[in-house]
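In: Next one to model:
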Amino acid sequence: MPYPKMPELSKLLATLALVVSLAGCVTTTNSPFAREADKVKAVRNYVQLATAYIAQGNFDRARSHLDRALAINPDSAPALATMGLVHQRNGESQLAEESFKQALSEDSGYTRGHVYYGAFLYSEGQYEKARQQFAIASEDTGYEERASVFYNMGRIEVRLGNDRKAVSAFERSVKLSRGDPRYLLALSTTLVQIGDYDSAAAYYNRLTELMRHDPKLSHSPESLLTGIRIARHFQNHDVESSLALLLRNQYPNSDQYQQYKVLIANDE
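Out: From the prediction side, this is the model:
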């Protein structure tokens, strides 16, 4: 999910101070709707700030802002779900799950809450339950990070040994994201696993094309091994040798390099 950058924190804090100030002023008027709107805005800003601090690893500051949000509205699903993240990052699994469940009991339609809870369940190895949460989230066609939902569903299916279902989920993530590199790699890697090398090569070529045009993108051990397997299948020895050299030089201690050595040992 997108997090506010550091320069934005001061803006959020300034906005929040104004909102709280205004909220105090309207208490002397006969405008309950305006007063309620100020509270909603204050809670939203506190949650945004907490989310930014979580991204920076500052869980104490995040919790402080969430406590303020919950003091205003104890039933706020976004605040409760985000508090679950804080508990999760602090290693408090039971408290994290309680917060996620409470958030969804307050608002079962809070998509981000299902995503947070699904990610938590995945980290706990509860893949079936995690799949249920992401499946619910995937039904929200207006959710701005829907591509990542399908990507996570694909990762779960891989864990469960359902590679073909994983391919379907990764295909959705690629289409929705218009070719995110992570999703292209996941899809091409899984296609190799099921033996569909033609499709794997097509998506892998899209990935390498993105790499050529974006200097920020570079090969990972997984992308190198996937490329090697595709090249080996099509007997493209030059490409295989080039990728294998990169894998050996850049990631000699990786699991993927060990897997490559097993591949060539089997040939011998």
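In: Let's verify Y122: helix, strand, or coil?
Out: Under the three-state scheme (DSSP: H, G, I helix; E, B strand; the rest coil), Y122 adopts helix.
In: check contacts around it.
Out: With contact set as CB atoms under 8 Å, 6 or more residues apart in numbering, Y122 has these partners: 130, 152, 155-156, 159. The C-beta positions use only the backbone N, C-alpha and C, and glycine is treated the same way.
In: any chance of these in CSV, plus distance to Q193 and neighbour count?
Out: Output for those, formatted as CSV (distance: CB to CB, whole Å; neighbours: other CB atoms under 10 Å):
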residue, distance to Q193, neighbour count
A130, 20, 24
N152, 18, 22
R155, 13, 20
I156, 15, 25
R159, 13, 15
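In: I'd like these as a markdown table, with pLDDT, distance to H219 and secondary structure appended.
Out: As requested, these are exported to a markdown table (pLDDT from 0 to 100; distance: CB to CB, whole Å; DSSP: H, G, I helix; E, B strand; the rest coil):
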| residue | pLDDT | distance to H219 | secondary structure |
| --- | --- | --- | --- |
| A130 | 98 | 29 | helix |
| N152 | 98 | 23 | helix |
| R155 | 98 | 20 | helix |
| I156 | 98 | 25 | helix |
| R159 | 97 | 24 | helix |
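In: now those as CSV including distance to A231?
Out: Shown next, in CSV, are these (distance: CB to CB, whole Å):
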residue, distance to A231
A130, 34
N152, 29
R155, 25
I156, 29
R159, 27
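In: which two in these are spaced the farthest apart?
Out: N152 and R159 (10.6 Å; CB to CB).
In: Show me where this structure has its strands.
Out: Along the chain, no segments are classed as strands by DSSP state E.
In: With just CA atoms, put the longest helix along it into PDB.
Out: Criterion DSSP state H: the longest helix present in the chain is helix 32-55. The C-alpha coordinates for helix 32-55 follow below in PDB (Å, rounded to 0.1, in the frame of the first residue of the first chain):
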ATOM      1  CA  PRO A  32     -23.600  18.100  14.900                       C
ATOM      2  CA  PHE A  33     -22.900  17.300  11.300                       C
ATOM      3  CA  ALA A  34     -19.900  19.600  11.100                       C
ATOM      4  CA  ARG A  35     -18.600  18.300  14.400                       C
ATOM      5  CA  GLU A  36     -18.900  14.700  13.200                       C
ATOM      6  CA  ALA A  37     -17.200  15.500   9.900                       C
ATOM      7  CA  ASP A  38     -14.200  17.000  11.900                       C
ATOM      8  CA  LYS A  39     -14.000  13.800  14.000                       C
ATOM      9  CA  VAL A  40     -14.000  11.600  10.900                       C
ATOM     10  CA  LYS A  41     -11.200  13.700   9.300                       C
ATOM     11  CA  ALA A  42      -9.200  13.600  12.400                       C
ATOM     12  CA  VAL A  43      -9.400   9.900  12.700                       C
ATOM     13  CA  ARG A  44      -8.400   9.500   9.000                       C
ATOM     14  CA  ASN A  45      -5.400  11.700   9.400                       C
ATOM     15  CA  TYR A  46      -4.200   9.900  12.600                       C
ATOM     16  CA  VAL A  47      -4.400   6.600  10.700                       C
ATOM     17  CA  GLN A  48      -2.500   8.000   7.800                       C
ATOM     18  CA  LEU A  49       0.300   9.300  10.100                       C
ATOM     19  CA  ALA A  50       0.400   5.900  11.900                       C
ATOM     20  CA  THR A  51       0.700   4.100   8.600                       C
ATOM     21  CA  ALA A  52       3.600   6.300   7.600                       C
ATOM     22  CA  TYR A  53       5.400   5.700  10.900                       C
ATOM     23  CA  ILE A  54       4.800   1.900  10.500                       C
ATOM     24  CA  ALA A  55       6.500   2.100   7.100                       C
END
